[in-house]
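**Student:** Pasting the sequence and the predicted coordinates here, then a few questions.
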Amino acid sequence: MHLGILFRTIFRRELTMMTRYVINTISGLVSIYLFFVLIFLGMQNLSGYMAGDALSGSLEGTIIGFFVWTFTIFAYSDLSWNLIGEAQAGTLEQLYLAPMGFKWVCACTVVSTFLLNLIPHTVFLLAMMATTGRWLHIDFLSLIPLMAITVLGAYGFGFALGGLALVFKRIQALFQIVQFVFLAFLLVPTRVPWAKFLPLSLGNSLLNDVMVKGTPLWRLPIKSVLMATAVGMVYLAVGLVVFARFEKIARDRGLLGHY
């Protein structure tokens, strides 16, 4: 009962923040979309690409990869930005007084931002497909669970960065590095034996099967789905441990109320 009230409150807050600062959200997506357009134009200009279709299938993979990468950037940074914003506003200590505990506040924030991010990123996906003329299968019953599985590891990074933000406060420059690390994860082909242990990699491959081949979630290899889930859960667990460690340091040093 109390958890439901907390979730509704956090969801309403995140929705209000998204609509209040919608220009910031749109600007972020537009900048990434323009980056995608530049890459797409470069692919078009490759000798014989459009005529011979020499890179058949790569464009679909690029669209899906950009979709996953963009969603991941928002996923891992949302929690950290929220903590930085609360610290700047001087309300971070108040969140620790929540009856359910601060960790449940963070968990509800993560779920709320995931659900709300689905809307603008779906529009972003449609914009990429319209730009390229490559229309992929959009099966929300398969895509939403797979996206949740895929970004589990990203949320682990988000919790770790959130813990760093509690102690070191200004870590925005680190976000720039992490987003390119995630891009590197997506570029590693799944045929590489150790690629399945990287966050995003296996989930991105499963999303390709759904969106390119039209395979529904229940027809995907169960071992691959379970492996992607397990890998995401491991990274999430590590992130939570790191967050708890830095949270303790911040409390011991009295840093929660200072920015």
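**Tutor:** Everything's here; your move.
**Student:** residue boundaries of the helices in the stretch 101-250 of the chain?
**Tutor:** Counting by DSSP state H, counting those that start in this stretch, the stretch 101-250 of the chain has helices at residues 102-132, 140-150, 152-168, 172-187, 201-213, 222-253.
**Student:** highest average neighbour count across those helices?
**Tutor:** helix 152-168 (a mean of 24; mean count of other Cβ atoms under 10 Å). Heads up, the C-betas are built off the backbone N, CA and C, glycines and all.
**Student:** and it with helix 172-187, angle?
**Tutor:** 160 degrees (axes from the mean of the first three to the mean of the last three Cα atoms, to 10 degrees).
**Student:** any idea of the angle helix 152-168 forms with helix 222-253?
**Tutor:** 10 degrees.
**Student:** What is helix 152-168 packed up against?
**Tutor:** The contact analysis (3 or more Cβ pairs under 8 Å, 6 or more residues apart in numbering; DSSP states H and E) places helix 152-168 against helix 58-89, helix 102-132, helix 172-187, helix 222-253.
**Student:** mind checking which of these is nearest residue 7?
**Tutor:** Closest to residue 7 of those is helix 102-132 (Cβ to Cβ; 4.7 Å).
**Student:** any idea of the angle that closest one forms with helix 222-253?
**Tutor:** Using the same axes, to 10 degrees: helix 102-132 against helix 222-253 is 130 degrees.
**Student:** what's the offset of helix 102-132 from the middle of its chain?
**Tutor:** 8 Å (Cα atoms, centre = their mean, to the nearest Å).
**Student:** now swap in stretch 126-139 and tell me
**Tutor:** 20 Å.
**Student:** Any idea how far apart the tips of it sit?
**Tutor:** Stretch 126-139 has an end-to-end distance of 13 Å (criterion: Cα to Cα, to the nearest Å).
**Student:** thought residue 70 was touching residue 31?
**Tutor:** No - with contact defined as Cβ atoms under 8 Å, residue 70 does not reach residue 31; the gap is 10.2 Å.
**Student:** if we can go back for a sec, got JSON lines for the helices and strands packed on helix 152-168, with distance to residue 141 and mean pLDDT too?
**Tutor:** Shown next, in JSON lines, are those (distance: least, Cβ to Cβ, whole Å; pLDDT from 0 to 100):
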{"stretch": "helix 58-89", "distance to residue 141": "17", "mean pLDDT": "81"}
{"stretch": "helix 102-132", "distance to residue 141": "13", "mean pLDDT": "87"}
{"stretch": "helix 172-187", "distance to residue 141": "24", "mean pLDDT": "83"}
{"stretch": "helix 222-253", "distance to residue 141": "14", "mean pLDDT": "90"}
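**Student:** residue closest to the middle of the protein?
**Tutor:** residue 72 (2.2 Å; Cα atoms, centre = their mean).
**Student:** Do I have it right that it meets residue 181?
**Tutor:** No - taking contacts as Cβ under 8 Å, residue 72 lies outside contact range of residue 181: 10.3 Å.
**Student:** Need the phi and psi values for residue 26.
**Tutor:** phi -60, psi -40 (degrees, to the nearest 10).
**Student:** Going by neighbour count, which residues of stretch 14-25 are buried?
**Tutor:** 14, 17-18, 25 (16 or more other Cβ atoms under 10 Å).
**Student:** Which residues does that stretch contact?
**Tutor:** 109, 112-113, 116, 120 (Cβ atoms under 8 Å, 6 or more residues apart in numbering).
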